[in-house]
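Chemist: sequence-free structure coming up:
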């Protein structure tokens, strides 16, 4: 009798019996490992969320520990005559600009041609285009060159100095217009015919319709002229674009909005991280509410270290609370921007030193050198978030635990497979033996019944 017919002989030693025995063994041996694996995998998923929150928090600190944050400048312009931008670390000041007139381009027009397709020369030759102090440009022409062709030749060869276009004035009149690229008084335009074969409407017939002039404006009452309406050399780090005649008041200040935006991001990322820590380490008798790291001292110690850092920095010259930062009894951080703004108004250099490190002037005018609150914060947060940092070490430990549990489950499953393969063979042998006994018993019964009936 084969294994596939298990139970035929006895009706007791069946495959169903073996399956039930195996289920009982799996519940006792395999299921605890499976549950442990599921728990470790859940921890791994939760740790990824914590890691992402820690990285975001670390990155928000990095923005605030950079001294360049305090070097940013914002500009406010009252009036429409100028636009002003100020680069990082440029002067903080207020000033008035009064624009008398803007700089203009030089514009020349040719004499009148009947159409843009008219030829402009009687033979092959060259012309020279001169624009102010720029490099003269030589252009070839021939008897087939049209007004449109000449426009293209000028743009192709001298497009860095002028713009040329043909304008159809009327059905019978077209003219070539040449405009200097740059503004200013030194942009005179002329065409010299080197071969005396060019139509004179393009040489002696060239007339000025707008003379290039320098602008004129006053800066705090001082009269200034420039050839360009974009003035980048008046004050180091300033770009002043003259727009129209008129007066404008300009204020260049520290870019407080940029600072506050970074501060808001820090507060938001801190609260997000603390919320995640609290969720994952929450103690509870209810397993559905208990955090998956509720019994994990490593994760809890990270949470405490981040919380403690807020109270521990200051370098002996103040605290985070002095700059508007506070944490309520629920662990949520907030920022009072009124306090921080007042500190920035009072002494921006000290705020920068407190945040990013540097010399801090105390009330008694003595100077101390600080490492910077956010430099200290960064060291703590980066210690957890960096490659091979604290969180990576927890991840590695979890991966090792998961690998060990998977190996344990595989080994336990293999042992059960071997055990039940042996039991299956033993059951088959017992079943075959019982079948033989049953067959012999049946034969004896039949013989006995036959003898009884013969008598």
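Modeler: Great, that's in hand. Just so you know, these numbers come straight off a predicted model, no measurement behind them.

Chemist: Can you give the distance of the top strand by length along the chain from its chain's centre?
Modeler: The residue-count maximum for a strand in the chain (DSSP state E) belongs to strand 173-183. The chain centroid and the centroid of strand 173-183 are separated by 46 Å under Cα atoms, centre = their mean, to the nearest Å.

Chemist: Just give me how far stretch 335-355 sits from the chain centre.
Modeler: Using Cα atoms, centre = their mean, the offset of stretch 335-355 from its chain centre is 27 Å.

Chemist: Checking residue 204 next. Helix, strand or coil?
Modeler: coil (DSSP: H, G, I helix; E, B strand; the rest coil).

Chemist: Burial check on it, number of neighbours?
Modeler: Look at residue 204: counted by other Cβ atoms under 10 Å, it has 10 neighbours. The C-beta positions use only the backbone N, C-alpha and C, and glycine is treated the same way.

Chemist: now swap in residue 135 and tell me
Modeler: Residue 135: 10 neighbours (other Cβ under 10 Å).

Chemist: now swap in residue 40 and tell me
Modeler: 20.

Chemist: wait, it sits on residue 400?
Modeler: No: look at residue 40 against residue 400 with Cβ atoms under 8 Å: they stay out of range, at 9.9 Å.

Chemist: Where do the helices of the stretch 151-300 of the chain begin and end?
Modeler: Using DSSP state H, counting those that start in this stretch, the helices of the stretch 151-300 of the chain run over residues 256-281, 297-312.

Chemist: which residues of this protein score low on pLDDT?
Modeler: Applying pLDDT under 70 to the chain picks out residues 1-13, 285-288, 314-315, 427-428, 431-432, 435, 438-455.

Chemist: and it, what are its domains?
Modeler: What the record gives for the chain is the domain set 1-72+255-442, 73-102+216-254, 105-213, from automatic domain parsing.

Chemist: And the last one, end to end?
Modeler: What that stands for is domain 105-213. This stretch, domain 105-213, spans 7 Å end to end (Cα to Cα, to the nearest Å).

Chemist: Distance from it to the middle of the chain?
Modeler: With Cα atoms, centre = their mean as the basis, the mean position of domain 105-213 lies at 50 Å from the chain mean.

Chemist: Sort out which residues of the longest strand of the chain are buried, please.
Modeler: 174-180, 182-183 (16 or more other Cβ atoms under 10 Å).

Chemist: next one: stretch 200-219
Modeler: 201-203, 206, 212-217, 219.

Chemist: where's the closest residue in space to residue 158 that isn't next to it in sequence relative to residue 160, distance?
Modeler: Leaving out its chain neighbours, the residue that sits closest to residue 158 by Cβ to Cβ, 6 or more residues apart in numbering is residue 137, at 4.2 Å. Residue 137 sits 9 Å away from residue 160, going by Cβ to Cβ, to the nearest Å.

Chemist: again with residue 415
Modeler: For residue 415 relative to residue 160 (Cβ to Cβ), the value is 84 Å.

Chemist: how deep is the residue nearest to residue 158 tucked in, by neighbour count?
Modeler: As a burial measure, residue 137 scores 18 neighbours (other Cβ under 10 Å).

Chemist: show me the contacts for it.
Modeler: Under the criterion of Cβ atoms under 8 Å, 6 or more residues apart in numbering, the neighbours of residue 137 are 128-129, 131, 157-158, 161.

Chemist: next one: residue 147
Modeler: Residue 147 sits in contact with 110, 113, 115-118, 120, 166, 174, 176, where contact means Cβ under 8 Å, 6+ apart.

Chemist: Do a quick rundown of the helices in the stretch 301-450 of the chain.
Modeler: Counting by DSSP H, counting those that start in this stretch, the helices of the stretch 301-450 of the chain are 337-346, 348-356, 373-385, 390-454.

Chemist: Out of the contacts of residue 137, which end up buried?
Modeler: Using 16+ other Cβ under 10 Å, the buried ones in the contacts of residue 137 are 129, 131, 158, 161.

Chemist: Residue 338 touches residue 324, doesn't it?
Modeler: Yes: contact criterion Cβ under 8 Å: residue 338 and residue 324 qualify, at 7.2 Å.

Chemist: And those two? Which one has more around it.
Modeler: Between residue 338 and residue 324, counting by other Cβ under 10 Å, residue 324 is the more crowded of the two (18 against 9).

Chemist: measure that one to residue 53 for me?
Modeler: 23 Å.

Chemist: Could you do residue 46 as well?
Modeler: In terms of Cβ to Cβ, residue 46 sits 11 Å off from residue 53.

Chemist: so who does residue 206 touch?
Modeler: Residue 206 neighbours (Cβ under 8 Å, 6+ apart): 108-111, 178, 189-191.

Chemist: so the helix or strand hosting residue 37 versus helix 348-356, what angle?
Modeler: Element membership for residue 37 (DSSP states H and E) is helix 15-64. Interaxial angle of helix 15-64 relative to helix 348-356 (axes from the mean of the first three to the mean of the last three Cα atoms, to 10 degrees): 160 degrees.

Chemist: Surely residue 195 is in contact with residue 122?
Modeler: No: taking contacts as Cβ under 8 Å, residue 195 lies outside contact range of residue 122: 9.6 Å.

Chemist: Residue 222: neighbour count?
Modeler: Neighbours of residue 222 (other Cβ under 10 Å): 7.

Chemist: Residue 144 too?
Modeler: Neighbours around residue 144, by other Cβ under 10 Å: 10.

Chemist: Take the contacts of residue 137 and keep only those in strands.
Modeler: Short answer: the contacts of residue 137 in strands (DSSP E) are 128-129, 131.

Chemist: can the residues you listed go into TSV with extra columns for distance to residue 371?
Modeler: Below are those laid out as TSV (distance: Cβ to Cβ, whole Å):
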residue	distance to residue 371
128	67
129	63
131	58
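
Chemist: now residue 63: how far from residue 355?
Modeler: 11 Å.

Chemist: same question, residue 409
Modeler: 52 Å.

Chemist: So for these two, which sits in the more crowded spot?
Modeler: Just comparing residue 409 and residue 355: by other Cβ under 10 Å the higher neighbour count belongs to residue 355, 24 against 17.

Chemist: I'd say residue 86 and residue 236 touch.
Modeler: No: assessed by Cβ under 8 Å, residue 86 is found out of contact with residue 236, at 9.9 Å.
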